[in-house]
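Chemist: Structure for the following, please:
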Amino acid sequence: QAQLVESGGGLVQAGGSLRLSCAASGPNFYVFAMGWFRQAPGAEREFVAGITRRGHSTSYADSVKGRFTISRDDAKNTVVLQMNSLKPEDTAVYYCAARNSYYVGRDSGDYDYWGQGTQVTVSS
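Modeler: Here you go, the predicted model:
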């Protein structure tokens, strides 16, 4: 069982940066692969970034590669999404998700636990 709480969203101008954090409660956080997804109004939830159990490897959507970085700190039960060079099309609600697996999944159905989401708005 895991409970996830996101923070760090807000309003930022294009070209700016935001740092999203996801705090997990519950035992054995280290066993989960973690992911970040986002959902814009009228759109489906889409994969943004993921990190394997123990942080051995990461993966990114093409749209954010080179701008976003995912990391995790198992000692603090947290996962962070550093977002740089933000664009208006990055505007969405961002969700943290946990998957009881070593591997990252790119489909929302791959994940077992979800946070409530945090709004990111990028103005042009």
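
Chemist: Beta-bridge partners for the spatially most central residue of the chain, please?
Modeler: Centrality entry for the chain: nearest residue to the mean C-alpha point is residue 36, 2.3 Å, by Cα atoms, centre = their mean. With DSSP bridges as the criterion, residue 36 is bridged to residue 49, residue 96.

Chemist: Test my guess that it contacts residue 94.
Modeler: Yes: with contact defined as Cβ atoms under 8 Å, residue 36 reaches residue 94; the gap is 6.1 Å. To be clear about C-beta, it is placed using only N, CA and C from the backbone, and glycine gets the same treatment.

Chemist: Now do the shared contacts for these two.
Modeler: The overlap between the contact sets of residue 36 and residue 94 (Cβ atoms under 8 Å, 6 or more residues apart in numbering) consists of 20, 48, 81.

Chemist: Give me the contact list for whichever strand or helix holds residue 80.
Modeler: Take DSSP states H and E as the rule and residue 80 turns out to sit in strand 78-83. Defining contact as Cβ under 8 Å, 6+ apart, one finds that strand 78-83 is touched by 17-24, 34, 36, 48-49, 51, 64, 67-73, 90, 94, 96, 120.

Chemist: quick one: strands adjacent to that strand?
Modeler: Strand 78-83 has the following strand partners under DSSP bridges: strand 18-25 (antiparallel), strand 68-73 (antiparallel).

Chemist: Can I get those in a markdown table including mean pLDDT, distance to residue 112 and mean neighbour count?
Modeler: Below are the strands paired with strand 78-83 laid out as a markdown table (pLDDT from 0 to 100; distance: least, Cβ to Cβ, whole Å; neighbours: other Cβ atoms under 10 Å):
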| stretch | mean pLDDT | distance to residue 112 | mean neighbour count |
| --- | --- | --- | --- |
| strand 18-25 | 97 | 12 | 19 |
| strand 68-73 | 98 | 16 | 18 |
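
Chemist: between the ones you listed, which one is nearest to residue 57?
Modeler: When these are ranked by distance to residue 57, counting by Cβ to Cβ, first place goes to strand 68-73 at 10.5 Å.
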